[in-house]
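Enquirer: Any chance you can model this:
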Amino acid sequence: MSEDNTEYKIKEARGKSAWYTYRKLCFGNVSLGRALRTESTTFLFGSISGAAGLALRNIFYPGLFAQTGSKTIFGRNLTVRHPHKIQIGSNVIIDDGVVLDAKGDTNKGIYIGDNVYIGRNTILYTKNGNIRIGDNVNISSNCQIFSSGDLEIGEGTMIAAFCYLLNGGSYNTSKDAAPFAQQSGMLSKGPTRIGSNCWLAAHTTITDGVTIGSHCVVGAGSVVLQDLPAHTFCAGTPACPIRRR
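Expert: The predicted structure follows:
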């Protein structure tokens, strides 16, 4: 992807009206009615606590998304952007303060499988990229998952608190490149893939274009810069294989 593509940086809306900027950031190319429906629903029911809040969001939130399965629980104070490109499976729990942002014009957006848990204050966001989360995945609190291309998490994987998973996010470092703050930060080395039944311990970072095979364990605080074969224990900065599982 070209490094001069800055369409998805909100600062590129400078000089536009406040409503144009807000609508571009939060809703994309949808009808005014759909944008107002999302806005009013989150305003009216987003912060209500207790059983009443859960019940009301269970009634009104599913219609905001492209698809929502049964028995999904929506916590308080969710930030929902471009919900028409977010698919949610059944028996999903989305805890308080989560951000789901599927920003982009040509991407498919965010797919969340069945029986997924997304912990408090975790952020899933795209810049014209895709995020796909398989069934039975557990994402703990305060994680960040970003994609400007394709990022996949296999079924049954456990992601501990404060992990950072990245696809894209790279900048042109050549001498004649534009200043970093003027670049899009959307360059990518390729898809980022986490296999099934992996455990990423707390504060793990998975960098752009890395593939982690199934049944891997990554130690706390590790920074993974290169592919890992299946059934591997690894740890360190940068992460290195320790032994076979």
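Enquirer: Could you find the closest non-adjacent residue to residue 96?
Expert: Distance criterion C-beta to C-beta, 6 or more residues apart in numbering; nearest residue to residue 96, sequence neighbours excluded, is residue 75 at 3.9 Å. From N, CA and C alone the C-beta is placed, and that goes for glycine too.
Enquirer: Could you do residue 56 as well?
Expert: Looking at residue 56 with C-beta to C-beta, 6+ apart, the closest residue is residue 45, at 4.6 Å.
Enquirer: what's the longest helix in this structure?
Expert: helix 32-45 (DSSP state H).
Enquirer: quick one, helices of this protein?
Expert: Counting by DSSP H, the helices of the chain are 18-26, 32-45, 50-60.
Enquirer: low pLDDT regions in this structure?
Expert: 1-15 (pLDDT under 70).
Enquirer: let's go with 90 and repeat that
Expert: 1-32, 105, 169-189, 244-245 (pLDDT under 90).
Enquirer: Using CSV, lay out the helices of the chain together with mean neighbour count.
Expert: Formatted as CSV, the helices of the chain follow (neighbours: other C-beta atoms under 10 Å):
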stretch, mean neighbour count
helix 18-26, 14
helix 32-45, 15
helix 50-60, 14
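Enquirer: JSON lines for those, including distance to residue 245?
Expert: Listed next are the helices of the chain as JSON lines, based on distance: least, C-beta to C-beta, whole Å:
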{"stretch": "helix 18-26", "distance to residue 245": "43"}
{"stretch": "helix 32-45", "distance to residue 245": "43"}
{"stretch": "helix 50-60", "distance to residue 245": "39"}
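Enquirer: one step back: could you double-check that the residue nearest to residue 56 sits in contact with residue 60?
Expert: Yes: applying C-beta atoms under 8 Å as the test, residue 45 and residue 60 come out as touching, 5.7 Å apart.
Enquirer: Determine the residues that are contacts of both of these two.
Expert: Shared contacts of residue 45 and residue 60, defined by C-beta atoms under 8 Å, 6 or more residues apart in numbering, are absent.
Enquirer: Okay, residue 143 and residue 114: tell me how far apart.
Expert: 20 Å (C-beta to C-beta, to the nearest Å).
Enquirer: more crowded one of these two?
Expert: residue 143 (24 against 18; other C-beta atoms under 10 Å).
Enquirer: which residues does the more buried one contact?
Expert: Per C-beta under 8 Å, 6+ apart, neighbours of residue 143: 119, 122, 123, 159, 161, 162, 163, 164, 165.
Enquirer: one more time with 7 Å, if that's ok
Expert: 119, 122, 159, 161, 162, 163 (C-beta atoms under 7 Å, 6 or more residues apart in numbering).
Enquirer: Between the residues you listed, identify the one with the most neighbours.
Expert: residue 159 (28 neighbours).
Enquirer: Might one say that the residue nearest to residue 96 is in contact with residue 95?
Expert: Yes: Residue 75 is within contact range of residue 95, at 4.5 Å (criterion: C-beta atoms under 7 Å).
Enquirer: Against residue 24, how distant is the most centrally placed residue in the chain?
Expert: Taking C-alpha atoms, centre = their mean as the criterion, residue 124 is the residue nearest the geometric centre of the chain, at 2.1 Å. Distance of residue 124 to residue 24, given as C-beta to C-beta: 19 Å.
Enquirer: ditto for residue 84
Expert: Relative to residue 24, and taking C-beta to C-beta, residue 84 is found at 14 Å.
Enquirer: now residue 46
Expert: For residue 46 relative to residue 24 (C-beta to C-beta), the value is 21 Å.
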